[in-house]
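> when you get a sec, could you give me coordinates for this:
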Amino acid sequence: MVPWSTLMLVAIALALVACQAAPQTVVVTPRPADATAPTAATNITSAPMASGAAPPPAAASPQPTTSAQGQTSCAFGQGFATMRDLVGAAVVGDCREDERQLPGNGNAEQRTANGTLIYRALDGRLLFTNDSRTWINGPDGLIDRPNNQRFPWEGDRQVIEALQHGGYLVYFRHGATDSSQTDSDPNNLANCATQRNLTDQGRAQARAIGEAWRSLNIPASKVLTSEYCRAKEYAQLSIDAGEVEPSLVLPDPLPPEVRQANTAAFQRLLAVPTPSGTNVVFVAHSPNIRDAAGVDLPVEGEAAILQPNPGDPPTLVARILPDEWPALAQALNNR
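Residues are numbered from 1 along each chain as shown. Sure thing, here's the model as predicted:
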């Protein structure tokens, strides 16, 4: 008979072998979304919003899109992610880039597989547009239209209609120039050969703006320009007019006291009420309007629409990029 102690040792050994051979069961808990996931690269500056307008797209709570290799390549910020959900993920498609702010007008865009998501700072609307249609988060919810039309409540249409009725100041920064050229003789501005001049692109911009203005019947009773050739040429090619205004000369080469005096003179011009039925146009440089009214125009050819306030600086109504004028003319002439 086997002793009891020996049987106990055998039983313990068999149990140990069984424990080592038994497979381990691992319970996997799904990993929560990473709170520090990549966000859109741009922070949108808030702008006055129209009634019912959506807030600017926020960079919080991004929805990442992965590439075929499984690597995160871009993300939808909160506002654009919401718009994508409203329009439909299948219609919008995956993102192709992170959100980016457009220089000049405060808009933000994000290209997708099927079009472009847009935040329009002018009226605070979120849009998605493809080759033929645009979806807008409007006053009563999502609505869509052909690209060459505008709803009455859209901010860009309302700006154009306001210009058609007059009473505004329109300040153009001169169009595209050749950055390899310099202003080598600011004391002889009659000599265009010593200045930075318009390129063919800048001249084409001016002509296109002129055609758009004539098509839209935007009136202008007075056009004042800088003495520099690029401003005078831009005014002639676009509005077909121009009278040199000394206070609009480029401020950069001037002594501080002359620059201050010119700014004060220009501020007086901006404070003069513009009669209803017409507009006053200025064509000059970015520093002039920045010094006089705190308005920045980083894009050559860009326009600031201003409402004069006697005794106070003018109110900035909108910024319009040079290529937007022809698109507005096409849309508003098809209503």
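> for residue 314, give me its contacts.
169, 270, 271, 293, 306, 307, 308 (CB atoms under 8 Å, 6 or more residues apart in numbering). Just so you know, the C-beta spots here come from the backbone N, C-alpha and C atoms, and that holds for glycine as well.
> any idea how far whatever helix or strand residue 82 lives in is from the chain center?
In this structure, residue 82 is located in helix 78-87 according to DSSP states H and E. Computed by CA atoms, centre = their mean, to the nearest Å, the chain-centroid distance of helix 78-87 equals 18 Å.
> could you do stretch 318-335 as well?
Relative to the centre of its chain, stretch 318-335 is centred 15 Å away, using CA atoms, centre = their mean.
> same question for it: list its buried residues.
318, 319, 320, 321, 322, 324, 325, 328, 329, 331, 332 (16 or more other CB atoms under 10 Å).
> average pLDDT for that stretch, rounded please.
The predicted model assigns stretch 318-335 a mean pLDDT of 90.
> now do stretch 167-179
97.
> can you list the buried residues in it?
Neighbour-count burial for stretch 167-179 [16+ other CB under 10 Å]: 167, 168, 169, 170, 171, 172, 173, 174, 175, 176, 177.
> list the contacts of the nearest residue to residue 243 once chain neighbours are set aside.
Here the nearest residue to residue 243 in space, its sequence neighbours aside, is residue 224; by CB to CB, 6 or more residues apart in numbering that works out to 5.6 Å. Applying CB under 8 Å, 6+ apart to residue 224 gives the contacts 242, 243, 244, 245, 248, 269, 280, 281, 282, 283.
> which strand residues bridge the third one?
On DSSP bridges, the residues paired with residue 244 through beta bridges are residue 225.
> report pLDDT for residue 115.
On the pLDDT scale, residue 115 gets 97.
> excluding chain neighbours, give the residue nearest to it in space.
residue 130 (3.6 Å).
> and the one you found, how far from residue 254?
49 Å (CB to CB, to the nearest Å).
> likewise residue 303?
Relative to residue 254, residue 303 is positioned 24 Å away (criterion: CB to CB).
> of the two, which one has the most company?
When neighbours are counted by other CB atoms under 10 Å, residue 303 and residue 254 differ, and residue 303 comes out ahead with 25 against 15.
> can you get me a residue count around residue 162?
17.
> now the closest residue to it other than its chain neighbours. Its backbone dihedrals?
Once flanking residues are discounted, residue 162 sits nearest to residue 168: 6.6 Å by CB to CB, 6+ apart. Reported as degrees, to the nearest 10, the phi and psi values for residue 168 are phi -120, psi 160.
> residue contacts, residue 168?
162, 274, 279, 280, 305, 306, 307, 308, 317.
> in strands, which of the residues you listed appear?
Of the contacts of residue 168, the ones assigned to strands by DSSP state E are 280, 305, 306, 307, 308, 317.
> excluding covalently adjacent residues, which one is nearest to the last one?
With sequence-adjacent residues excluded and distances taken as CB to CB, 6+ apart, residue 317 is closest to residue 305, at 4.3 Å.
> ok, now how distant is the one you found from residue 314?
10 Å.
> what does residue 229 give?
On the measure of CB to CB, residue 229 and residue 314 end up 27 Å apart.
> same deal with residue 329?
From residue 329 to residue 314 the distance is 25 Å (CB to CB).
> likewise residue 202?
Distance from residue 202 to residue 314, by CB to CB: 26 Å.
> what do you get for residue 236?
Taken as CB to CB, the span from residue 236 to residue 314 is 25 Å.
> please apply the same query to residue 220.
Taking CB to CB, one finds residue 220 at 16 Å from residue 314.
> again with residue 158
Residue 158 is 18 Å from residue 314, by CB to CB.
> what of residue 81?
Taken as CB to CB, the span from residue 81 to residue 314 is 37 Å.
> residue 229 versus residue 322, what's the distance?
From residue 322 to residue 229 the distance is 18 Å (CB to CB).
> make that residue 243, sorry
15 Å.
> do residue 191 as well
8 Å.
> and what of residue 256?
From residue 256 across to residue 229, the span is 25 Å (CB to CB).
> who's more crowded, these two?
residue 229 (21 against 8).
> how many residues are close by the closest residue to that one other than its chain neighbours?
For residue 229, ignoring the flanking residues on the chain, the nearest one in space by CB to CB, 6+ apart is residue 192 at 3.9 Å. The number of residues packed near residue 192 is 14, by other CB under 10 Å.
> also residue 164?
What residue 164 shows, counting by other CB under 10 Å, is a neighbour count of 14.
> how about residue 268?
11.
> ramachandran angles for residue 315?
Dihedral angles for residue 315 - degrees, to the nearest 10 - are phi -90, psi 130.
> quick check: bridge partners of it?
residue 307.
> correct me, but it touches residue 306?
Yes - in this structure, residue 315 is within contact of residue 306 by CB atoms under 8 Å, at 6.6 Å.
> of those two, who's got more company?
Higher neighbour count among residue 315 and residue 306: residue 306, with 24 against 13, using other CB under 10 Å.
> for residue 162, see how far away residue 308 is.
13 Å.
> let me fix that, I meant to ask about residue 285.
25 Å.
> what of residue 233?
Distance from residue 233 to residue 162, by CB to CB: 28 Å.
> with residue 125 instead?
Counting by CB to CB, the gap from residue 125 to residue 162 is 17 Å.
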